[in-house]
Each structure stands twice: as structure tokens, then as C-alpha cells.
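1. Quick one, fold the following:
(chains A and B)
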Amino acid sequence: MKKFINELDNIEAEMVRGLVRSKAHMLRQLPDSNVVVRTQKKRERVAVLFGCGSGHEPAPCGYVGYGMLDAAVPGSIFSSPTPDQILKGIREVASESGVLCILVNYTGDVLNFRMAIQMAQMEGIAVDSVVVADDVASDTGKATGRRGLAGAILINKIAGAEAEMGVGLYEVKETAEWATAGLRTIGVASSPCIVPEEGKPSFELRDNEMEVGMGLHGEPGVMRAPMRSAEATARDMLDRLLADYKYKGCEVVVLINGLGGTPVMELYIINDFVSRYLAEHDVEVYDTMIGNYMTSMEMKGFSISLMRVDPHLKALYDAPARTAALCR
Amino acid sequence: MIDKQAIGRMLTAMAEEMHTARHELTELDNAIGDGDHGTNMDRGFQAVMKQLPKLLEQDDVGAILHNAGMTLMNTIGGSAGPVYGTLFMWAGMTCRGASEIDAQVFAGALESGAYGVAEIGGAHEGDKTMLDALFPACRALKESLQKGEAFPEALAAAVQAAGMGVEYTKLIVANRGRASYIGERSLGHQDPGATSMMLLLRAAQRTLA
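-> As a prediction, this is how the structure comes out:
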């Protein structure tokens, strides 16, 4: 394992501290915790909180700031944040206007958030949640539903912008759910990442193989396939996205998200095809985000997200944001 | 009778068991999940160990179990945190205020914990989760005690039933948790949660029998 880290036990704390110190004027870390909040607490506005495991940087903490999150709650690497940490975050940003929690649909995240939200509600805080379940590679028929992938970042942007407008908790939730309803993602991985505590890759892929439908944590996807070109890979992924939702005739925002180990050069190459293929299929691209927005440490691979947008969502997507990882 | 010292020994044995089995649990989790179950369980029980001297300052067996559950919930992480946290918290609530409990109350506490877990996770037996070890163990424990068998025998029956539950998870497809995302590909794999549950019961048997 070749990683620039220090003590294994300190990885999350040092990572959060490093980020917060890089933006000391806008970020603050809660004492004895890795919860990150804005230095200036928002007034009379719904607060938006996002939590997920560590190892997905810049998510979640990189998205704290004006126009996006009020609080980010990172768990340990690839593990949901725990109820006490989520509750700490909720309490810190809570006001009369309430708190909207955004989470990705993994059993651990759902359970931990459920417990924290119940505890917060018992304290009299108005809390609601939006669960992002955008992965078309996982089955909707299952009781657990689909997994959440990088599309969560778009939902952070939309919900954060809507909250900044000063509307109520219910409206922010409704808008976030409307965006989520038209959001689909599919991922592919060509080489695994190493969870530092384990010291070895969590799965094996041969040189000529890739995993289609990979989850965010190296969970097996739906299919092993021979390694193919950017174009062939992206075509297969887009076909799955287009088969899952009627994007035809719609305007969309595209997110080409690197998993951490894939050069941005390759992401651009992928988008060269994606933009062409979507145009051929009568899908109008409003804007495309390309980069490492929600990673899996050094995993090689990428995901493609499509979010259907209307004038309201476009305005929220374009609204100003000032965070460490995303500025508008 | 089970008093706070016995509970302390049980928790210690559980922590040792989780530490010893952490790589095995992680290997099992790698096959069908995200490969952190061993590390997470070990971290949670080590946190309980750190608190143990303070926990044992009180005589209330239920409060000790409940507080251990709170610690597990906040330190294990993943879905196992709320799941095992709930097991101990509900079990603790069942015997709150008691400075010692007998076998019957222990069986009732375990069963109440199992229903708590089913409630929070929305899972049933046969979904390939830790409940596939826990519910059979609860039934075996209760039946054995009802037949008039002594606590050590009843615990042995519970551990055996849990072990059979673990074997059963190899034959079924995951319906809950991360393993459910791979559907049929989870067939043939032993569930890590059921395995850790069986190991915890074995630690209880070793120290309480």
C-alpha cells in the first residue's frame, strides 16, 4: 500500500482538519468531531446537511459553504457516519426553519440517519430527509432500493440553492425530490482502491477487466466485462441510463465523475463521446460537470449522471455557490 | 444469576472474539459487501472495553447493556452500528433496574433485542442478515429453558442454532443490506453479520454458562 498518510487511526481527523484549514474563513470543525459547518451560521433559512463515509473526498465536507451545505458529516472510511455525529451536525445548524438531511441509499446510512433524525425530532427540531438512490445498476425491485452514487452532489447543489432562497423545509425537500426523480447514474471501475485499515484491494480485477455498475465502496457491480474503449464503455452506460428514464426530448445536466484514480484527461475523452451520443438521442445538454466530485480514493473508473432539468432546477443549478470543491 | 461482573466478563469475551475474528469477518464481507465488517465490529467492542470500568461502577445490569449499546451504535459505523446498538439497547431496556438477572430474563432480553433489530432494519428471517443467526438462537434458548434444561445447556443449544443459521445464510439470496445489491451473486456466501452474531453468542456462552 503506497499512501501518503500518517497514523491509520488519524486519517479522517487529519483529512478534515487539512480541508478546514485550507478555507479557515468559511469552514469550521466542531470540537471532538469531524463534523464541518460554515463559520457564519445561516439565518432564517432551512439548513442542509449531507453525510456519507470518508474516502469520497471532496464529498461530503468539500461542499460546505454558501449555496450548498450548512453541515457535512463524514463517517470513517467507507462507513456511514454514526447517529451521535449526525445529531451533532443537526443540532449545530438547526434553527426554527428546520434541517434537511441528504443521504445516499446504503443500508448503513439509512439506519444511522434514521436513528439520528428520530433523536433530533424528539428534541423538537424540525428535520426531514431526502435519500438519493440514483444507481441504475442496482435493482429498484429490492426492498432496499437502489444505491446512491455521485448524483448526490447535484442534489446537494439543488437543495442548497433552494434553501438559500428562504423557502420552507417542505419546499426544499420537494424540490430535492423532484430533482432526484429525474436523476440517474451508472458507474464503472477498472481497478480497485485500498481501504487503509485493510491494506489490500477490496476486490480483484484482471488487467483486461472492468466492473460495470460498481458501487461507491467497491461493492461488486452487476457485471464483469472485458476492458473496452472510452466510447464503447460510455455507449453501454448511456444506453442503460436512457433505457431507465425517458430523457429523450428533455434538457439535462451531465456529471462525468472521476472515482479518484482516473485522469481528468480520460473524463474529457469520455465526454467527447457522451455529448455527441446524447445529441444523437435527442437529449439536450444544458451543462456538464467534469471532475472528481465524489471519489472512491484511488479507484480507477468513473460514473455518468444525468439529471433532467426544468427552468426552476436550471436556476438553482446556476445559483451562486462558494465551497471548497464547487464554486458558481 | 447473571450480575454486572458476569456481564463485564461477557462483554470482554465478545470484544476478544471480535478482535480475533476481524480478518475472517472482513473476508466474508469482501465477498458480498464492502469489506469493513470485521474492522467495524472490532472498533465498536474496543470502545466498549475502554468504557467498561466506568460502566461497571453501577449495579444495574440493564443500564450497563443499554450504555454498551449506545457506544456500539456510535462507534461501529455502517449498518452494523444501529443493528448491534439496538440489540444491546433493547436487551438492556428489558432488564433495566435489575442488579442480577436469571436465565429466563436473559432469554427475554435477547428476544426483545432481536425484535428491536428487526424493527429498525425492517428485515425478516431469511433475508440473509444477522437475524438468521439471532432468531433461531432465541427460539432454541427459550425452548431449552422451557424443557427445564439448565442455562449452560440452553446456551449451548442457542449457539448451535445460531451456527446452523449461519450455514443457512449460504443457501439464500440477500434481501437486505449491501449484499442485496448483488442479488443472486450472494448465493453460496456466508453472511458476515450472521457470523458475528453467532460469535457473540459463543462468547456469551463461554462466560455465562
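2. Does residue B:137 touch residue B:154 like I think?
-> No: with contact defined as CB atoms under 8 Å, residue B:137 does not count as touching residue B:154 (10.2 Å). Every residue, glycine included, has its C-beta placed from N, CA and C.
3. So for these two, which sits in the more crowded spot?
-> Taking neighbours as other CB atoms under 10 Å in any protein chain shown, residue B:137 and residue B:154 compare with residue B:137 leading, 30 against 25.
4. any idea which helix or strand carries that one?
-> helix B:131-146 (DSSP states H and E).
5. same question, residue A:249
-> Assessed by DSSP H and E, residue A:249 sits outside every helix and strand.
6. ok, and for the lowest-mean-pLDDT helix or strand in chain B, which residues are buried?
-> Least confident helix or strand, chain B: helix B:22-32 with a mean of 90, by mean pLDDT, DSSP states H and E. Neighbour-count burial for helix B:22-32 flags B:22, B:24, B:25, B:26, B:28, B:29, B:30, B:31, B:32 (criterion: 16 or more other CB atoms under 10 Å in any protein chain shown).
7. which among those are in contact with chain A?
-> Among these, the residues lying close to chain A (CB under 8 Å from any CB of the partner chain) are B:26, B:30, B:32.
8. confidence score at residue B:188?
-> Looking at residue B:188, its pLDDT reads 84.
9. Not counting sequence-adjacent ones, nearest residue to it?
-> Setting aside the residues directly before and after it, residue B:188 is nearest to residue B:170 in space (CB to CB, 6 or more residues apart in numbering or on different chains), at 5.9 Å.
10. Show me where chain B dips below the pLDDT cut-off.
-> Chain B contains residues with pLDDT under 70 at B:177-178, B:181-183.
11. in the stretch 1-150 of chain A, which spans are helices?
-> With helices called from DSSP state H, counting those that start in this stretch, the stretch 1-150 of chain A shows them at A:11-22, A:83-93, A:107-122.
12. and the least confident helix or strand of chain B, what does it pack onto?
-> Under the contact criterion of 3 or more CB pairs under 8 Å, 6 or more residues apart in numbering or on different chains; DSSP states H and E, helix B:22-32 touches helix B:37-55, helix B:192-208.
13. check whether the first one contacts chain A.
-> Looking back up the chat, that one is helix B:37-55. Yes: Helix B:37-55 is in contact with chain A by CB under 8 Å from any CB, via B:39, B:40, B:43.
14. My guess is residue B:23 contacts residue B:38. True?
-> Yes: counting by CB under 8 Å, residue B:23 does reach residue B:38; the two are 5.9 Å apart.
15. What parts of chain A come near chain B?
-> A:75-85, A:106-108, A:110-112, A:114-115, A:138-139, A:142-144, A:147, A:195, A:197-198, A:202-203, A:215, A:217-220, A:222.
16. Would you show me how to pick out the buried ones of those in PyMOL?
-> Burial among those is assessed by 16+ other CB under 10 Å; the matching PyMOL selection reads:
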select buried, chain A and resi 75+76+77+78+79+80+81+82+83+84+85+106+107+108+110+111+112+114+115+138+139+144+147+195+197+198+202+203+215+217+218+219+220+222
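17. out of the residues of chain A next to chain B, which are inside strands?
-> A:75, A:76, A:77 (DSSP state E).
18. how many other residues sit next to residue 46?
-> Just going to use chain A. 29.
19. Switch to chain B, please.
-> Using other CB under 10 Å, residue B:46 is surrounded by 13 other residues.
20. does the residue nearest to it when sequence neighbours are not counted sit in a helix or strand, and which one?
-> Nearest residue to residue B:46 in three dimensions, chain neighbours excluded: residue B:15, at 6.3 Å (CB to CB, 6+ apart). Assigned by DSSP H and E, residue B:15 belongs to helix B:4-20.
21. Contact residues of chain B facing chain A?
-> B:26, B:30, B:32-36, B:39-40, B:43, B:73-83, B:85, B:120-122, B:175-178, B:180-183, B:185.
22. excluding its backbone neighbours, what's nearest residue A:130?
-> Residue A:130's closest residue in space is residue A:176 (CB to CB, 6+ apart), at 4.4 Å.
23. so residue A:210 is in which element?
-> strand A:209-212.
24. Identify each buried residue in that strand, please.
-> A:210, A:211, A:212.
25. Quick check: next helix or strand after that strand?
-> Past strand A:209-212, the next helix or strand by DSSP H and E is strand A:223-226.
26. Touching whichever helix or strand comes after that following strand from outside, list them.
-> Per DSSP H and E, strand A:223-226 leads on to helix A:230-244 as the next helix or strand towards the C-terminus. Contact partners of helix A:230-244, identified using CB atoms under 8 Å, 6 or more residues apart in numbering or on different chains, comprise A:136-137, A:184-186, A:188, A:210, A:212, A:225, A:228, A:247-248, A:266, A:269-270, A:273-274, A:277-278, A:281, A:283, A:304, A:306.
27. repeat that with 7 Å
-> Contacts with helix A:230-244, where a contact means CB atoms under 7 Å, 6 or more residues apart in numbering or on different chains, come from A:136, A:184, A:186, A:188, A:266, A:269-270, A:273-274, A:277, A:281, A:304, A:306.
28. Nice, that's everything, thank you.
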